[in-house]
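Student: all I have is the shape, not the residue letters:
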C-alpha cells in the first residue's frame, strides 16, 4: 500500500464521519456555481430594463449575485475549517497508532493534507456536475421570480473556471491551516491519548438565571430598538450590536448552564427520572449537551439567520403586493412647471394611440393625509371594474377610503373615529363634511393616508377654497388593465425622464406597471439570494450536528454495547437514541424560531416607526418557518436512521 492509498483508505473507512462534511462542501459548491451561472448570464450583462429604481437594474441584480457568492465562500471557509479541526481531534487514536508504527510528523502532515484535498477535490467535481443540473432549474426559477423572459441555458465555462479556482484555493488554505493545527499537537499529547473519564457536567443556578435574563432582555429591548434608531444611527448601531452580543451570550448560557439546570431538576423528580429508560436518556443527554454546547450554539445562530433572512424577504414580497398603487399613471406637477399641459397631453395621446381607455382623476389635497375625489369619477372606476357604485344622501356626506398603510399604522379605535367630521374653511367660506362610511381595501385606496369621495358639487366648492396642503397638482390615470401600459410607460419614461430616486425639479411621473415590475425584480433578487444563501446556512447547521454525532460514534457504540450486555433491548436502545438526538436536534431549532419571530417583529416595529409599510410576522414568515422546520425534520430522521443502523450493525 502506497502512502497516498493509506490516506484515501482513511477517508473511505471513515465515510460515515466525513459524509456530512462532504455533503455540505458539495452543497456550497453547487450554490456558488449556480450564482456564477446567473452572474455571467448574457441577459444580466446588458441593461434591457428601463429602471424606475436603480436597485432594479440588471447591474444591481448582478452585484447582488456576486455578494451572495462572496458570502457563501466566506462561510464555507469558516464551516469547513471548523469541521476539519473537529475531525483532527477525533482522529487522535488513529494518529497514535501511526506514530507508534514510525510515522514522522512530516508524513502525518502530508497525510492530513492529502485527505483534505481529496474531500475538497471530490466536492468540487461532484458540486459542478450536480450544479449543471441545478443551474438550469435556477435559471427557470430566476426567470419566474424576477418576472423576466426565460433565461436561456448556456454552457458556463467562466462559471466553471471561477468555481474550481475559488474552492481549490479555499481547500488549499484550509489544508494548510489543518496541517498547522496538527503540528501544534505535540507527540507527547498524542502518545498519552486515552479514554478520558468524563466528569459529571456542572451547572450554576446564577448562570442559568443569567441565560433567562439575557434572552428575555434581548427580546424586550429588540421591540424598542426603534427608539434608539430614531435618536440616530450611532445609537441604533450600538444598541443593535449590544442586543446581538447579549442574545448570543444568553443562548450560550442556555445550552451550557440552563439546559443542565433543567436536567438536574428532572433528576430530582423521581417519578419521571426512574420511569423506564428515562434514567439513561436524561443522564446521557447531559453528557451529550456538554460535548455539543458550541455546536448547538452555532446551529441556533445559523438557523436564526436563515429563518430571519428568508422570512423577511417573503414578508416584504407580501407587503409590496399589499401596498401597490391604485392608478396606472400618476403625474405630479409642482409650482413653476411650464411643461404640465404638454406632459399631460402626451400621456393622453400615447394612451389614445394604443386605444387604451382611461379615467382621469384630479384629487385635491386638503390635509397632510387626506385627498378629495369626485363621486362621479369614483363610480366610473367602479363601473369599469364591475363593482357596486356608491351613493351619497347629501353634499355633506363622504365615503372614506383608507390606505393599507393607514390601517396598519392606526389603532383600531383611532381608525374608527378618523374623519367622522371634516371641517374646511378659508377667509371666504366654511364647509362641513361628515363621514358616511369607511371602505376597507377599496380598489381606489391611496398608497398612504386617506381619500374622501364627495359629491361633485362639494368637490367643486372645495376646489375654490385656498386650503391645499401643498403646491402639488396630481393627475391620476385609472386603467382597468394596467399591465398593458408597460410599453407605453417605457416610451413616456424617455420623454418624461423621472425615476423615484431622481425626480425632476417641477414634476414627477410614475407608472404602476413599471413600479410593480421594478419591485418584483428587487424583491425577487432578495428572495433568490436569501433562499440560496439561507439553504447553505441550513446545510451547514444540519451538518454540524451530523459530524458531532458521528465523530463520537465509537465511544457511543461502546457504551451501548455495555448496556445491551446487561439487558437493554434494541427497542429501548432505539427509544433512548431517538429521544436524545431529537432533543439535541430540535431544541436549537425551537430557540432559533423564537429568535427569528422576535427579530422580524423588531423589524416590523422599525418600519412602523419610520412610517413604512410594516411586514407581517404571521403570514409568509410562519409558512417559511414551517417549511424549513419540515426540511430539518426530514434530515433528522435521516441522521437518526443512519446512526441507529450503525450502532445496531456493530452490536449484532
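Tutor: Sure thing, it's come through. What you are looking at is a predicted structure, and each value in this text was computed from that prediction instead of being measured. Numbering: from 1, shown residues only.
Student: what's downstream of the helix-or-strand element of the chain with minimal mean pLDDT, the next helix or strand?
Tutor: Within the chain, no helix or strand scores below helix 187-191, which has a mean of 49 by mean pLDDT, DSSP states H and E. Beyond helix 187-191 in the direction of the C-terminus, DSSP states H and E gives the next helix or strand as helix 205-223.
Student: can you give me the buried ones in that following helix?
Tutor: Buried residues in helix 205-223, counted by 16 or more other C-beta atoms under 10 Å: 208, 210, 211, 214, 215, 218, 219, 221, 222. C-beta: built from backbone N, CA, C; applies to glycine.
Student: in terms of secondary structure, what does that helix contact?
Tutor: helix 233-253, helix 259-268, helix 570-609 (3 or more C-beta pairs under 8 Å, 6 or more residues apart in numbering; DSSP states H and E).
Student: in the protein, which helix has the most residues?
Tutor: Longest helix of the chain, by residue count under DSSP state H: helix 105-146.
Student: tell me what it is packed against?
Tutor: Counting contacts by 3+ C-beta pairs under 8 Å, 6+ apart, the secondary-structure elements packed against helix 105-146 are helix 3-13, helix 15-39, helix 58-90, helix 92-100, helix 157-184, helix 512-551.
Student: tell me the mean pLDDT for the third one?
Tutor: The predicted model assigns helix 58-90 a mean pLDDT of 81.
Student: same thing with the longest one?
Tutor: Within the predicted structure, the mean pLDDT of helix 512-551 is 81.
Student: quick one: name whatever helix or strand follows it.
Tutor: With elements assigned by DSSP H and E, the helix or strand that comes after helix 512-551 is helix 553-565.
Student: how about that following helix: buried residues?
Tutor: Using 16+ other C-beta under 10 Å as the burial criterion, the residues of helix 553-565 that qualify are 553, 556, 560, 563, 564.
Student: got the angle between it and helix 15-39?
Tutor: Using axes from the mean of the first three to the mean of the last three C-alpha atoms, to 10 degrees, the direction of helix 553-565 lies 140 degrees away from that of helix 15-39.
Student: next one: helix 553-565 to chain centre, how far?
Tutor: Relative to its chain's centre, helix 553-565 lies at 41 Å (C-alpha atoms, centre = their mean, to the nearest Å).
Student: tell me which other helices or strands it touches.
Tutor: With contacts defined as 3+ C-beta pairs under 8 Å, 6+ apart, the packing partners of helix 553-565 are helix 570-609, helix 620-651.
Student: mind redoing it with 6 Å?
Tutor: Here helix 553-565 is seen to pack against helix 620-651 when contacts are counted using 3 or more C-beta pairs under 6 Å, 6 or more residues apart in numbering; DSSP states H and E.
Student: now the helix it packs on: mean pLDDT?
Tutor: Mean pLDDT, helix 620-651: 81.
Student: show me what that helix is packed against.
Tutor: With contacts taken as 3+ C-beta pairs under 6 Å, 6+ apart, helix 620-651 sits against helix 293-322, helix 512-551, helix 553-565, helix 570-609.
Student: what comes up buried for it?
Tutor: If you call a residue buried by 16+ other C-beta under 10 Å, then helix 620-651 has these buried ones: 620-622, 624-625, 628-629, 632, 635-636, 639-640, 642-644, 646-647.
Student: so, low pLDDT: which residues of the stretch 1-150 of the chain?
Tutor: Low-confidence regions of the stretch 1-150 of the chain, defined here as pLDDT under 70, cover residues 1, 3, 10, 14, 16-17, 20, 47-55, 89-90.
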